[in-house]
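Engineer: Requesting a structural model of the entry that follows:
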Amino acid sequence: MEEYVKVKVEFFTTLRDITGKREEVVRLPPKATVGELLDSLSRRYGPKFVEYVFEKGEVRPNLIVMVDGKSIALMGGLKAPLKDGNIVAILPAFGGG
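Structural biologist: Presented below is the predicted three-dimensional model:
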């Protein structure tokens, strides 16, 4: 059984400024969830990251978190499972009009 899964996280706009990176590979325990990934990133990048990403323990409504191009809203939210090789993007929601 694998010891960990590796997922690539892509940062956009403000998160790029907060992290100083466009992307990063994160190692997580097997059967990790999006919530666990975001917790790990929160510990690494601190209060600015937490304030930007979370509101009342949930992902802010003005952000979209996607796993391999699919919104976590369709996959169980923060409980969405991750597997080795996933690409997670944290994007600002763009309004249309």
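Engineer: drop to CA atoms for contacts and neighbour counts, all remaining ones
Structural biologist: Will do.
Engineer: just the helices in this protein please.
Structural biologist: Ranges of helices in the chain, per DSSP state H, are 13-19, 34-45, 47-53.
Engineer: Out of those helices, which is closest to residue 6?
Structural biologist: In terms of C-alpha to C-alpha, the element of the helices of the chain nearest to residue 6 is helix 34-45, at 10.5 Å.
Engineer: same for that closest one, what does it pack against?
Structural biologist: Judged by 3 or more C-alpha pairs under 8 Å, 6 or more residues apart in numbering; DSSP states H and E, helix 34-45 is in contact with helix 47-53.
Engineer: Packing partners of the helix it packs on?
Structural biologist: helix 13-19, helix 34-45.
Engineer: now those in a markdown table, with mean neighbour count?
Structural biologist: Below are the helices and strands packed on helix 47-53 laid out as a markdown table (neighbours: other C-alpha atoms under 10 Å):
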| stretch | mean neighbour count |
| --- | --- |
| helix 13-19 | 15 |
| helix 34-45 | 16 |
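Engineer: contacts for the helix or strand of the chain with the lowest mean pLDDT?
Structural biologist: Here the helix or strand of the chain ranked lowest by mean pLDDT, DSSP states H and E is strand 58-59, holding a mean of 94. Applying C-alpha atoms under 8 Å, 6 or more residues apart in numbering, the external contacts of strand 58-59 come out as 53, 78.
Engineer: Neighbouring strands - and their directions - for that strand?
Structural biologist: Sheet pairing for strand 58-59, assigned by DSSP bridges, gives strand 54-55 (antiparallel).
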